[in-house]
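Asks: make a model of this:
(2 chains)
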Amino acid sequence: NAGVTQTPKFQVLKTGQSMTLQCAQDMNHEYMSWYRQDPGMGLRLIHYSVGAGITDQGEVPNGYNVSRSTTEDFPLRLLSAAPSQTSVYFCASSYSDDRPSVDEQFFGPGTRLTVL
Amino acid sequence: AQKVTQAQTEISVVEKEDVTLDCVYETRDTTYYLFWYKQPPSGELVFLIRRNSFDEQNEISGRYSWNFQKSTSSFNFTITASQVVDSAVYFCALSDYAGGTSYGKLTFGQGTILTVHP
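Replies: Residues are numbered from 1 along each chain as shown, chains lettered A, B, ... in the order given. Below you'll find the predicted structure:
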C-alpha cells in the first residue's frame, strides 16, 4: 500500500492564481480530510468527507473547495490564492468507524504552499 | 466547541531526563477520542496513541507513557530517559464521536516543541 499520497510536495503561487492539491489513498478509507498547519496554531481542519459524494466544511473552509467523486481521491482547490493561504497542507484518511484494529488517522507527507 | 490546549510552547531537556508534555481539552461530548502525534524535523505526522473516553487506564509503551484523567480533562504524555531522536513537535488532538462512529475530525493543540540536547 502506498498509504496517503499528496502532490505536489512544494508549490509557489502568485496572488490570484488557482490550483489543486491532490490527495489519494489506497486503503479504502471512507473518511478523508484536509488540514492546514501554521506556526503556533497546530493543524486546523479545512474540509472533510465521510464518503464519495459527501463533503462538509471544517474550521477554516473559506477560499477552498473540495469534491469527492471516488473513495480514493480528495482534491483541494484554491480558487484565488492569497498570501494568507501560505501554509503546509496535510491530507488524512481513516475508516469511519472505531473498529478495534484501527487506531489512527493516516496522514500524507504534506504540501508546502507559498503564495506571493 | 472543542478545544485542546498545550500550554508548553517549547521544552528543552538534556538527554536521559524525563519530560512530561501537558494536554488539556474541552468538549461537551461524553464520548470522544484523544490522540498524540509526533512531527519530527522531516515534517511528517507520526501517530503515537489513540485513547477513547471510556478508558482511563494509563498506558505505557517502551519509554512513552500516557496519563488520562477525565476529572481534570487532561491527557499528559511522558517520555522517560529522553533521547536526541525524541526532538520533535508533539501534538495532542481530540476527535468527536457522533452516533457510534468516529468521523476523525481532529481538533489539534498548538503543539509543543521538544528539544533534547546531547
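
Asks: low-confidence bits of chain A, can you list those?
Replies: Judged against pLDDT under 70, the low-scoring parts of chain A cover residues A:96-104.

Asks: nope, chain B is what I was after
Replies: Across chain B, residues meeting the criterion (pLDDT under 70) sit at B:97-104.

Asks: can you list contacts of the one helix or strand B:Ile113 maps to?
Replies: Taking DSSP states H and E as the definition, B:Ile113 sits inside strand B:112-117. Contacts made with strand B:112-117 from outside it, assessed by C-beta atoms under 8 Å, 6 or more residues apart in numbering or on different chains, are listed as B:6, B:8-15, B:17, B:19, B:21-22, B:79, B:82-90. Glycine gets a C-beta too; all of them are placed from N, C-alpha and C.

Asks: ok, now stretch B:69-79?
Replies: Residues beyond stretch B:69-79 that count as contacts (C-beta under 8 Å, 6+ apart) turn out to be B:18-26, B:34, B:36, B:48, B:51, B:53, B:56, B:63-68, B:86, B:90, B:92, B:114.

Asks: before we move on, the earlier item: any idea how far the strand holding B:Ile113 is from the chain center?
Replies: Relative to the chain's own centre, strand B:112-117 is displaced by 14 Å; criterion: C-alpha atoms, centre = their mean, to the nearest Å.

Asks: now it - C-alpha only, CSV.
Replies: Extracted C-alpha coordinates of strand B:112-117, given in CSV (Å, rounded to 0.1, in the frame of the first residue of the first chain):
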residue,chain,number,x,y,z
THR,B,112,4.9,21.6,22.0
ILE,B,113,8.4,21.8,20.5
LEU,B,114,10.7,19.4,22.4
THR,B,115,14.4,19.7,22.1
VAL,B,116,16.6,17.1,23.6
HIS,B,117,20.3,18.1,23.9
